[in-house]
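Novice: sequence and predicted structure, then a few things I'm wondering about:
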Amino acid sequence: MSQFLKRFLLFILVLIVTDQIIGFCLRQLYFSQHKGQFAQTTYAIDSANQDILIFGSSRAVRHYSTSILSNTYGKSCYNVGRDGQQIPYYVAVQDVIFGRKKPSMVILDINTWEFSINPSRYEKLSILLPYCHKHPELVKYVELDNPFERYKLLSAIYPYNSSLFIAANNKIFENKIPSDDKGYDPIIRKMNQAGITYTKKIIAQAKIDNEKKQPKIDSLSYSLYRQFLQKCVDAHIATYVVISPTIVPETPNERKDKLLSITKEFPAVTFLDFSSSPNYNDHFEKFADIFHLNKEGSEEFTKELLVKIGKLPQ
Amino acid sequence: MIFNSVVFAIFYIVVTALYFILNHKYRWMLLLAASCYFYMAFVPVYILILGFTIVIDYYAGIYLEKTLDAKKRKQLLLCSLAANIGVLVFFKYYNFLNTNLSILFNNFNAQTPLPFLTILLPIGLSFHTFQAMSYTIEVYRGNQKAEKHFGIYSLYVMFYPQLVAGPIERPQNILHQMHENHPFDYGNMVDGLKQMLWGFFKKLVVADRLSIYVSSIFDHAEVHNGSSIAIACLFFSVQIYCDFSGYSDIAIGSAKTMGFDLMTNFRRPYFAKSINEFWSRWHISLSTWFRDYLYIPMGGNRVSKFKLYRNIFIVFLVSGIWHGANYTFIVWGALHAVFNIIGVMVTPITKDMHLKLHVNKKITDIVRQLFIIVLVTFAWIFFRATSMENAFTIIKNLKTIGEHPFLGESISNFGHCVLAIVLLFLIEYKKEYLSEKFNFFQHPNIFIRWGSIISMIAAILIFGVFNGGQFIYFQF
């Protein structure tokens, strides 16, 4: 057994050295990206210090024109939204950014489906792993998925798990990736007839699924939402919670009621709901796909939002 | 507790270390306690079900050995089988049977008198029930002595590496090993760890990666075109192989590190050239279980052609039902039965096809292998589908094959899938056809040997999916 233990320890040593070398290379590749979602996240977490910040998922990234907001207010603006992410991510990023500089205005794009039970919401926090060494405050968020994440971070490769192809692609084809506008990344596309048919099919199916089974509520997401608003209110930041336009009107549901009741706990926070706006519901020409407005739709929406806020005339 | 978790890594290290520290006579206690803990990590109370069947089968075995009266022996065997099958039917099939009964009653404007129960299926129930049944059958047949040591018998049913998803062991292979002393063996330890590593690679890098794409298509089959569905079906074939054989590799490997030899469960089934051969390579412990305890007792192939086809059909139908309480599994089993029967029928025609066609044997072999993959993949549609309706939607949408496929929410995930399949194919091809060459894991040069092992660990860390969750076969 002693022979095995000696060899095993030596093997572990070689493994650790290899892990550190490969991890170093992956880190170099990851942080050398200038374009794409990883680069945007790196900027949001490491550098964002604008006056106006937009938080949210891919819908935030696609729906809020930073130029329009910036020009209207005469202030700097950045969209720190991220594809596929939900409330735990916004809170984590808020924690890091507010530790650096507090903005004067925050727009939080939210959706009721972010409050139903969905384990992938926490699994997706793994995109924060590359930043945990520099920002240890993020560890508590990645541990929402798995309490052992802290220990997995001992590996230098692990934080960059599943990122190699994307990072290499973003690096090699950097010139082909369109630049974002301060985090705003509109979709320049209109749905064709096939897309509309496909979308209608999905909507019909989703309606059937929803009728069959009402999604269960994720209480942790609500408490994180409350935490997000509390931090904004404590820092006296003008805060807007927005449900941006959807292709079909949202039916009343328990998750939305709870979202509204929590928001009402913070009178300084403005809640704006565009999910039943006739300007967008069934206006397929303003959407790029089932979830996202296209460029024209998002610019129209950003202006309409500013009208509602009172910054632009009717 | 699932193998692909940090908790299992800690559990495995602690149990294996304690196993070698402890004196031989106390090891069964450690393994039994560890197995109980392992099982109770799922739904603790279900250990009582295991306890119930263990007690019944333990005493059935002892009385079977003591009793000479053939009639009484048969009654004892039937009691034991009834207890095991009863538990299985109640927990796995009760609601399914009740649903069908209620449909039948509805036709006569009546209601079923039986209530629907909200019961959770005990994890791995079909596996340990079959393993327990093989014990009493073997004792009844006189091929195995009854186990007098209650603890060792309990361990036979509950041995943690194969408790929840096999391999379904036979008492002749494993029971005596539980009495034997297994001193630390360098070779066993290293070989076991290597097999575990290969199992983790299959599960984390291949199966769980493919499952992301497969789920995105199968869960919304009604909106996807034929190309996407065809890719998803093919991916599922690879996913289920890697998921299940990956589990088996981890199970066999972890048992081997403690000196136990579990039976081989998979031998690269997608290289099979006939359906019959496929089943001699796929889930071997279950196929041989059905062969020994169902097919041969019914007469096997030493019967008339009609009875042979009947036997094949029954075995595969039961195999389908064994997998789950859903018509999809029954159809899956029936399809394999039909494929097998047709295979038997056409064997005289297809035998030596290369000579008849005057082509290289390798060509006909490749064609046969591809044909088997297509057949098996088609049958997997029913296995993966959540309902018959879902399965038919998938098949209906397959007709639009040729349209541009959906490559998933993230193109990089699709790239990972393709890479994973290519890597898997290269390794499996080497194992199948070049077993003597490129044995990097066993290479005499330490740099090559360690380099290959470290490369595989690095591949798991770089490309693996670490939140893939349970193994598919846990549900059975």
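Specialist: Yep, that arrived.
Novice: tell me the buried residues in stretch A:11-18?
Specialist: A:Phe11, A:Leu15, A:Thr18 (16 or more other CB atoms under 10 Å in any protein chain shown). The C-beta positions use only the backbone N, C-alpha and C, and glycine is treated the same way.
Novice: I should have written stretch B:417-429 there, sorry.
Specialist: B:Cys417, B:Leu419, B:Ala420, B:Ile421, B:Leu423, B:Leu424, B:Ile427, B:Glu428.
Novice: the second one against B:Ile462, yeah?
Specialist: It refers to B:Leu419. No - B:Leu419 is beyond contact range of B:Ile462, at 10.5 Å (criterion: CB atoms under 8 Å).
Novice: next, count neighbours for the residue of the stretch 301-450 of chain B found nearest chain A.
Specialist: Using CB to the nearest CB, the closest approach of the stretch 301-450 of chain B to chain A is made by B:Ser412 at 4.2 Å. B:Ser412 is flanked by 18 other residues according to other CB atoms under 10 Å in any protein chain shown.
Novice: dump the residue contacts of it.
Specialist: A:Ser162, A:Phe165, A:Ile166, A:Asn169 (CB atoms under 8 Å, 6 or more residues apart in numbering or on different chains).
Novice: ranges for the strands of the chain?
Specialist: The chain I'm using is chain A. Along chain A, counting by DSSP state E, strands occupy A:52-55, A:77-79, A:105-109, A:238-243, A:269-273.
Novice: could you dump those into JSON lines and include distance to B:Ile2?
Specialist: Conversion of the strands of chain A to JSON lines gives the following (distance: least, CB to CB, whole Å):
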{"stretch": "strand A:52-55", "distance to B:Ile2": "34"}
{"stretch": "strand A:77-79", "distance to B:Ile2": "39"}
{"stretch": "strand A:105-109", "distance to B:Ile2": "36"}
{"stretch": "strand A:238-243", "distance to B:Ile2": "38"}
{"stretch": "strand A:269-273", "distance to B:Ile2": "41"}
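Novice: what residues does chain B have near chain A?
Specialist: B:6-7, B:20, B:184, B:186, B:189-190, B:220, B:222-223, B:409-410, B:412-413, B:415-416, B:450, B:453-454, B:457-458, B:461-467 (CB under 8 Å from any CB of the partner chain).
Novice: list only buried entries from these.
Specialist: Members of the residues of chain B next to chain A classed as buried by 16+ other CB under 10 Å are B:20, B:184, B:189-190, B:220, B:222-223, B:410, B:412-413, B:415-416, B:450, B:453-454, B:457-458, B:461-466.
Novice: near chain B, which residues of chain A are found?
Specialist: Checking chain A against chain B by CB under 8 Å from any CB, the hits are A:1, A:3-4, A:11, A:14-15, A:18-19, A:22, A:26, A:84, A:119, A:123, A:126, A:145-146, A:148, A:151-152, A:155, A:157-158, A:160-162, A:164-166, A:169, A:198, A:201-202, A:205.
Novice: try 6 Å
Specialist: Proximity of chain A to chain B (CB under 6 Å from any CB of the partner chain) is limited to residues A:1, A:4, A:15, A:18, A:22, A:123, A:148, A:157-158, A:164-166, A:201-202, A:205.
Novice: got a list of what B:Arg281 touches?
Specialist: B:Arg281 is in contact with B:Arg267, B:Pro269, B:Ala272, counting by CB atoms under 6 Å, 6 or more residues apart in numbering or on different chains.
Novice: lowest-confidence helix or strand of chain A?
Specialist: helix A:193-212 (a mean of 75; mean pLDDT, DSSP states H and E).
Novice: in chain A, where's the longest helix?
Specialist: Secondary structure of chain A per DSSP state H: the longest helix is helix A:2-31.
Novice: buried residues, that helix. List them.
Specialist: Buried residues in helix A:2-31 (16+ other CB under 10 Å): A:Phe4, A:Phe11, A:Leu15, A:Thr18, A:Asp19, A:Ile22, A:Gly23, A:Leu26, A:Arg27, A:Leu29, A:Tyr30.
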